[in-house]
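A.B. asks: Output the structure for:
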Amino acid sequence: MATKAVSQWLQNIYLIQNNFMTFENLNLIEPISQALKTKGYVNPTPIQEKAIPQILQGHDVFGCAQTGTGKTAAFALPILQMLHERSLKEKKQGIKALILAPTRELAIQIDESFTDYGKGLSINHTVIFGGVSQHNQTNALRRGVDIVIATPGRLLDLMHQGHVKLNNIEFFVLDEVDRMLDMGFINDIKKIIAKIPAKRQTIFLSATIPGEIRKLADSLLQNPVKVEVAAVSAPAEMVTQAVYYVEKADKRALLQQVLKDEEIDHALVFTRTKHGADKVVKDLNKNGIRAEAIHGNKSQNARQKALIGFKNRTIRILVATDIASRGIDVDKLTHVINYELPEVPETYVHRIGRTGRAGEAGTALSFCASEEMDYLRDINKLLKKNIALVSTHSTPTISKGGSGNRPAANSGKKFFRRRSY
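C.D. replies: Residues are numbered from 1 along each chain as shown. Okay, the predicted model is just below:
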């Protein structure tokens, strides 16, 4: 038996090294394999290849992976499998797995993934977040669930009210830890951790690993396996990138012109501020382009309505700020448009990673005003290349996939002119 296991392990190593790995090689149970086939998933992403076997073997995992690398499936699949297998041997009551996420949108996305992957399994889960009535959430908890996906604030509220007991937790996942710390959740996280059994399996995921993150990981993980994939400076290969030089006052007209292109089936537009997102949406709707905004000042119901409309394609354009965009995962998203360049270059990579997923081609267009030239220089430096330049007076013809053969943007030279569109 041991020889057979070693043989399978060596075969899997060969497959990974030669890019032949499929989900069938990861020893997943039939109901989960069938769910993946229904979703059209054949080949695991690098983090799934590396993390799933380690989690199935019971190891703690310290994963460094950015949005869009498939990290949700990397922890959801093995957790579902192990909970199912344990339930066949012993029926235990109470919450057995807790996943913490920084935003409502990401928590809902993770919950939807558990639904997709857990079809055919008798594993119950629910999602908990603030900004809405807690009635449905407490009812679900009262009926009994195996898995809770939650944002820290609402989870603590329900714990204080006695609706949530964490004394039976076997699996604990902290997702996008860097974002949670940026949003000020560190004290909430520590309070939650204090209520979880010390004997558990922990999966710790972050896109970056500054000192504070590493210190928190060291306090939570026992002999973890480190899984690191997709450096933040490496956007998806299938994303075509291009930049427009355009003055700030001309951006609205340029956006309208770009969106006249019928090939732009679905676009996620990024602004730096909530106010800016609302202004862009107001202008697009005024000119007959259906758009909605998603940001922190919107109610949870409004955010969910906009997100659902965007996913089912009744809304063509979604305008978002960076924090609100965490958790947006839309199949076959064709375009990301940086209406305003981000101040932090790594954020650019996170933004454009929303397109070009699962082998699909995608396009990322950026509008750069004269006062944003320093941001563009920093992005080019991070990417180790210049983003291709297109003229501001016409919609670019973008090839499918790759970066194309276009003249490179000269980030040291400014040539802006007022134009009519």
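A.B. asks: Isn't V225 up against C64?
C.D. replies: No: judged on C-beta atoms under 8 Å, V225 makes no contact with C64 at a distance of 12.0 Å. The C-beta positions use only the backbone N, C-alpha and C, and glycine is treated the same way.
A.B. asks: Have a look at those two and say which one is more surrounded.
C.D. replies: Neighbour comparison, V225 and C64: the larger count goes to C64, with 22 against 16 (by other C-beta atoms under 10 Å).
A.B. asks: give me the element V349 is part of.
C.D. replies: V349 belongs to helix 345-352 when assigned by DSSP states H and E.
A.B. asks: Only alpha carbons, please: show that helix as CSV.
C.D. replies: Provided in CSV are the C-alpha atoms of helix 345-352 (Å, rounded to 0.1, in the frame of the first residue of the first chain):
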residue,chain,number,x,y,z
PRO,A,345,1.3,49.6,-8.5
GLU,A,346,0.4,46.1,-7.1
THR,A,347,-3.2,47.2,-7.1
TYR,A,348,-3.0,47.5,-10.9
VAL,A,349,-2.1,43.8,-11.1
HIS,A,350,-5.0,42.9,-8.8
ARG,A,351,-7.4,45.0,-10.9
ILE,A,352,-6.5,43.5,-14.3
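A.B. asks: so where do the helices sit in the stretch 51-200 of the chain?
C.D. replies: Under the criterion DSSP state H, counting those that start in this stretch, the stretch 51-200 of the chain contains helices at 71-89, 104-117, 135-143, 152-160, 177-182, 186-193.
A.B. asks: elements contacting the fourth one?
C.D. replies: Going back to what we said before, that points to helix 152-160. strand 125-128, helix 135-143, helix 186-193 (3 or more C-beta pairs under 8 Å, 6 or more residues apart in numbering; DSSP states H and E).
A.B. asks: average model confidence for the longest one?
C.D. replies: Averaging the model's pLDDT scores along helix 135-143 yields 95.
A.B. asks: Put the alpha carbons of it into CSV.
C.D. replies: Extracted C-alpha coordinates of helix 135-143, given in CSV (Å, rounded to 0.1, in the frame of the first residue of the first chain):
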residue,chain,number,x,y,z
HIS,A,135,-32.6,37.2,10.9
ASN,A,136,-31.9,34.8,8.0
GLN,A,137,-28.4,34.2,9.3
THR,A,138,-29.4,33.3,12.8
ASN,A,139,-32.2,31.0,11.4
ALA,A,140,-29.6,29.2,9.3
LEU,A,141,-27.3,28.8,12.4
ARG,A,142,-30.2,27.5,14.4
ARG,A,143,-31.0,24.8,11.9
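A.B. asks: So what's the gap between that helix and the chain middle?
C.D. replies: 27 Å (C-alpha atoms, centre = their mean, to the nearest Å).
A.B. asks: For that helix, which helices and strands make contact with it?
C.D. replies: For helix 135-143, the packing partners by 3+ C-beta pairs under 8 Å, 6+ apart are strand 125-128, helix 152-160.
A.B. asks: and of those, who's closest to L318?
C.D. replies: strand 125-128 (20.8 Å; C-beta to C-beta).
A.B. asks: partners of that closest one in the sheet?
C.D. replies: Counting by DSSP bridges, the strands paired with strand 125-128 are strand 147-150 (parallel).
A.B. asks: Return the partner strand as CSV; C-alpha atoms alone will do.
C.D. replies: Provided in CSV are the C-alpha atoms of strand 147-150 (Å, rounded to 0.1, in the frame of the first residue of the first chain):
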residue,chain,number,x,y,z
ILE,A,147,-19.3,25.5,7.6
VAL,A,148,-19.5,29.2,8.3
ILE,A,149,-18.1,31.8,5.9
ALA,A,150,-18.1,35.2,7.6
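A.B. asks: Give the buried residues for it.
C.D. replies: For strand 147-150, a neighbour-count test (16 or more other C-beta atoms under 10 Å) marks I147, V148, I149, A150 as buried.
A.B. asks: From these, pick the one nearest F23.
C.D. replies: Nearest member of the buried residues of strand 147-150 to F23, counting by C-beta to C-beta, is I147, at 20.7 Å.
A.B. asks: quick one: contacts for the closest one?
C.D. replies: Shown in contact with I147 (C-beta atoms under 8 Å, 6 or more residues apart in numbering): I79, L83, I95, K96, A97, L98, I99, F114, I123, N124, H125, T126.
A.B. asks: Next, the fourth one: phi, psi?
C.D. replies: Looking back up the chat, that one is K96. The phi/psi pair for K96 (degrees, to the nearest 10) reads phi -110, psi -20.
A.B. asks: So which residues of the stretch 301-421 of the chain form strands?
C.D. replies: Assigned by DSSP state E, counting those that start in this stretch, the stretch 301-421 of the chain shows strands spanning 317-320, 335-338, 362-368, 388-390.
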